[in-house]
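**Q** structural data only, the sequence is not supplied:
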């Protein structure tokens, strides 16, 4: 199974998720900052960056511009993984296993079930039994 198919099934298990350019932007900024700062600092920086450069009322010009940006981010990401000496497909296998092991915050899940997706970021269940979480082993992707 390829990663697009695996992620299709991952989304099917989270049917409340909808395309949301603002949330996507927020997630990308957060992921870019994670290796550099503490989680609290990342939260603050992400909130500041998003409110300053992507206010709630701002919409992207068109889908083509958004797709171009998303695809460019993928190109940079895949190239960086490979340049670091890792097989991108094997690393993605590990990532998909890790994100698939996570459960949604039960309160948010119930709200989304009753009222539908509210445009907020999907939240992890902080009380999930740690033994049920898979931790990606990126050494499996080392070339």
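**A** On my side now, so go ahead. Since we're looking at a predicted model, the values are computed, not measured. Residues are numbered from 1 along each chain as shown.

**Q** just give the closest residue to residue 6, not the sequence neighbours.
**A** residue 96 (4.8 Å; CB to CB, 6 or more residues apart in numbering). (C-beta placed from N, C-alpha, C; glycine too.)

**Q** ok so that neighbour is a strand residue?
**A** No. Per DSSP: H, G, I helix; E, B strand; the rest coil, residue 96 lies outside any strand segment and is helix.

**Q** what distance do you get for it to residue 1?
**A** To residue 1, residue 96 is 9 Å away according to CB to CB, to the nearest Å.

**Q** neighbour count: those two, which is higher?
**A** residue 96 (18 against 9; other CB atoms under 10 Å).

**Q** who's in contact with the more buried one?
**A** 3, 6-7, 10 (CB atoms under 8 Å, 6 or more residues apart in numbering).

**Q** counting neighbours, what do you get for residue 6?
**A** Applying other CB under 10 Å, we find 17 other residues in the vicinity of residue 6.

**Q** any idea how far it is from residue 112?
**A** The value you get for residue 6 to residue 112, if CB to CB is used, is 22 Å.

**Q** please apply the same query to residue 126.
**A** Distance of residue 126 to residue 112, computed by CB to CB: 17 Å.

**Q** and what of residue 124?
**A** For residue 124 relative to residue 112 (CB to CB), the value is 14 Å.
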